[in-house]
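K.L.:
Structure for the following, please:
(one chain, ligands or ions: 1)
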Amino acid sequence: MNKHQFLEAYFIDRRKSPSFKWAKANDQTIALSVADMDFASPLSVKKGLEEVLDLKAYGYTALKEDYRSVFEAFYLRHHQLVINDDEIFFADGAIAAINQLIDCFSKPNDKILICPPVYHQFARIIKATGRKLVTSPLIKQNQTFVMDYEDIERRFKEGLKLMILCNPHNPTSHVYTKEELSRLGDLALKYDVYIISDEVHADFNFRGYQHTSMLSLEKYRSHVFGVLGASKTFNLALFAHSHIIIKDEKLKTAYLDFQNRHHLGSPKLMNALASYYAYRDGDEWLTLVKELIEDNYQIASSYLDSHELYYARLEGTYLMFIDLKPLLKDQTIEDFLKERDLSLNLGKDFGEGYDSYVRLNLATHPKLIKEALERIVTKGDNQC
Ligand SMILES: Cc1ncc(COP(=O)(O)O)c(C=O)c1O
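P.N.:
Alright, predicted model coming up:
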């Protein structure tokens with residue numbers, strides 16, 4: 001199958017579906033917000049779910065025996081990351097996983113660090129769990145955003161329990177290198193800070209950028225929890241399912257105890273099976289989706305380049321972080337988007353100082369990307 005055939009077979013107009021981002025759209029609106037795709041998941045997922053429906057008796061049911069080996073093989077194949085059976089713990093989605101790690105490895109009023117602009121749910125759960133939110137803003141460096149290690153060290157020194165790392169980073173799409181992660185890891189060891197490494201966007205990397213899992217760096221394993229999942233990779237957010245990976249024995253024991261006390265860790269069969277079939281049979285699908293995302297990035301970036309608009313270059317994820325300031329004049333970003341019938345995520349939801357930024361989701365049909373960019377760059381001109 002080539003990518004044109006893929007589009008024919010897999011693109012879904014979700015406008016009339018209960019999709020979060022499309023449900024509110026009118027016939028004219030283009031919704032490129034929430035981080036999911038307008039593509040059907042690999043066909044094997046549907047077949048797997050039908051297999052569950054066909055059981056007909058929906059009593060307590062065991063997970064497939066080879067679930068773990070299928071998951072492990074995927075990470076070995078795609079990331080050369082070795083994961084062992086006893087290092088895998090299940091949660092109902094990535095945010096649930098992070099929430100449980102916060103509960104298990106910190107106490108109310110403990111400080112937790114994030115690096116904005118970053119996925120807005122991190123700040124929300126830190127506050128919701130009664131922990132103190134500490135931020136160390138990323139620094140804009142040419143066409144990407146990097147960590148400010150001096151500032152992070154200052155924050156670590158002040159006494160911090162945990163940090164939530166987003167790798168690749170949503171919304172800047174930066175894929176952290178081994179050197180960057182090692183620099184952070186050295187600080188974590190020095191100040192005894194534990195890192196929750198959210199790697200749910202790991203399977204998207206473009207033009208030579210290669211994901212490095214924090215879990216692959218042996219030196220830091222005593223201070224790292226990985227959060228991995230298929231919800232972004234194969235468009236499976238509906239089936240809230242994720243994996244917490246812990247390699248350190250002491251941390252594993254502590255987490256197991258927490259899991260037992262809270263009766264956690266049994267995956268929902270249907271949700272786990274959706275991931276299982278995608279991990280097992282979804283490689284070709286993933287290759288084609290990545291080609292389409294790359295094409296969409298080329299379309300979007302050529303419009304933005306020709307209007308000299310700033311955007312973070314796409315390294316990972318399928319999300320583009322774009323500064324529309326030169327086009328706003330004295331308009332608010334909300335009015336600008338409303339006037340153009342566009343629904344995008346607002347930069348200010350990811351961090352302070354990003355009022356003129358938007359996050360644009362590239363995982364859709366190229367015709368929608370083209371039309372959205374046309375509306376961004378030309379509509380205002382026409383009105384003058
Ligand atoms: C970095 C990151 N983590 C977690 C999530 C949410 O994952 P889940 O739906 O599995 O909780 C998202 C969703 O966009 C995300 O971008």
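K.L.:
where in the protein is pLDDT low?
P.N.:
379-384 (pLDDT under 70).
K.L.:
Show me the helices in it, by range?
P.N.:
Along the chain, counting by DSSP state H, helices occupy 3-10, 20-23, 43-53, 67-79, 94-105, 121-128, 149-157, 178-191, 249-261, 269-281, 283-306, 325-328, 333-339, 366-383.
K.L.:
Nearest approach to His201 belongs to which of those helices?
P.N.:
Closest to His201 of the helices of the chain is helix 94-105 (C-beta to C-beta; 9.9 Å). (Glycine included, C-beta is placed from N, CA and C.)
K.L.:
So which elements touch that closest one?
P.N.:
For helix 94-105, the elements it packs on are helix 121-128, strand 162-166, strand 194-198, strand 224-228, strand 242-246, helix 249-261, judged by 3 or more C-beta pairs under 8 Å, 6 or more residues apart in numbering; DSSP states H and E.
K.L.:
So what touches that helix?
P.N.:
With contacts defined as C-beta atoms under 8 Å, 6 or more residues apart in numbering, helix 94-105 is touched by 91, 112, 121-122, 125-126, 129, 131, 161-162, 164, 194, 196, 198, 200, 225, 227, 229, 231, 240, 242-244, 251, 254-255, 258-259, 262, 264.
K.L.:
Those, buried ones only, as a PyMOL selection?
P.N.:
Paste this into PyMOL to select the buried members of the contacts of helix 94-105, with burial taken from 16 or more other C-beta atoms under 10 Å:
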select buried, resi 91+112+121+122+125+126+129+131+161+162+164+194+196+198+200+225+227+229+231+240+242+243+244+251+255+258+259+264
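K.L.:
Could you restrict the contacts of helix 94-105 to the ones contacting the ligand?
P.N.:
Among the contacts of helix 94-105, proximity to the ligand is found for 198, 200, 229, 231, 240, 242 (C-beta under 6 Å from any ligand atom).
K.L.:
Relative to Val227, how far out is the closest residue to the fifth one other than its chain neighbours?
P.N.:
Ranked by C-beta to C-beta, 6 or more residues apart in numbering and with sequence neighbours excluded, the top spatial neighbour of Ala240 is Gly93, at 3.7 Å. Applying C-beta to C-beta, to the nearest Å, the value for Gly93 to Val227 is 10 Å.
K.L.:
which neighbours do those two share?
P.N.:
Ser242.
K.L.:
if we can go back for a sec, between the helices of the chain, which one is nearest to Leu319?
P.N.:
Between the helices of the chain, helix 283-306 lies closest to Leu319; by C-beta to C-beta that is 9.8 Å.
K.L.:
buried set for that closest one?
P.N.:
Residues of helix 283-306 classed as buried: 285-286, 288-290, 292-294, 296-297, 299-301, 303-304 (neighbour count, 16+ other C-beta under 10 Å).
K.L.:
From the structure, what's the count of residues near the residue nearest to Ser266 when sequence neighbours are not counted?
P.N.:
Excluding the flanking residues, the one nearest Ser266 by C-beta to C-beta, 6+ apart is Phe90, at 7.0 Å. Using other C-beta atoms under 10 Å, Phe90 has 21 neighbouring residues.
K.L.:
Quick one: residues contacting Phe90.
P.N.:
241-244, 265-267, 272.
K.L.:
is it true that Arg221 touches Ser197?
P.N.:
No - contact between Arg221 and Ser197 fails when scored by C-beta atoms under 8 Å: they sit 11.0 Å apart.
K.L.:
one step back: among the helices and strands packed on helix 94-105, which is nearest Asp341?
P.N.:
Of all the helices and strands packed on helix 94-105, it is helix 121-128 that lies closest to Asp341, at 26.7 Å by C-beta to C-beta.
K.L.:
orientation of that closest one relative to strand 162-166 in degrees?
P.N.:
160 degrees (axes from the mean of the first three to the mean of the last three C-alpha atoms, to 10 degrees).
K.L.:
Which strands and helices lie in contact with helix 121-128?
P.N.:
helix 94-105, strand 111-114, strand 132-135, strand 162-166.
K.L.:
Now distance to Glu72 too, for these, in a markdown table please.
P.N.:
Below are those laid out as a markdown table (distance: least, C-beta to C-beta, whole Å):
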| stretch | distance to Glu72 |
| --- | --- |
| helix 94-105 | 18 |
| strand 111-114 | 29 |
| strand 132-135 | 34 |
| strand 162-166 | 22 |
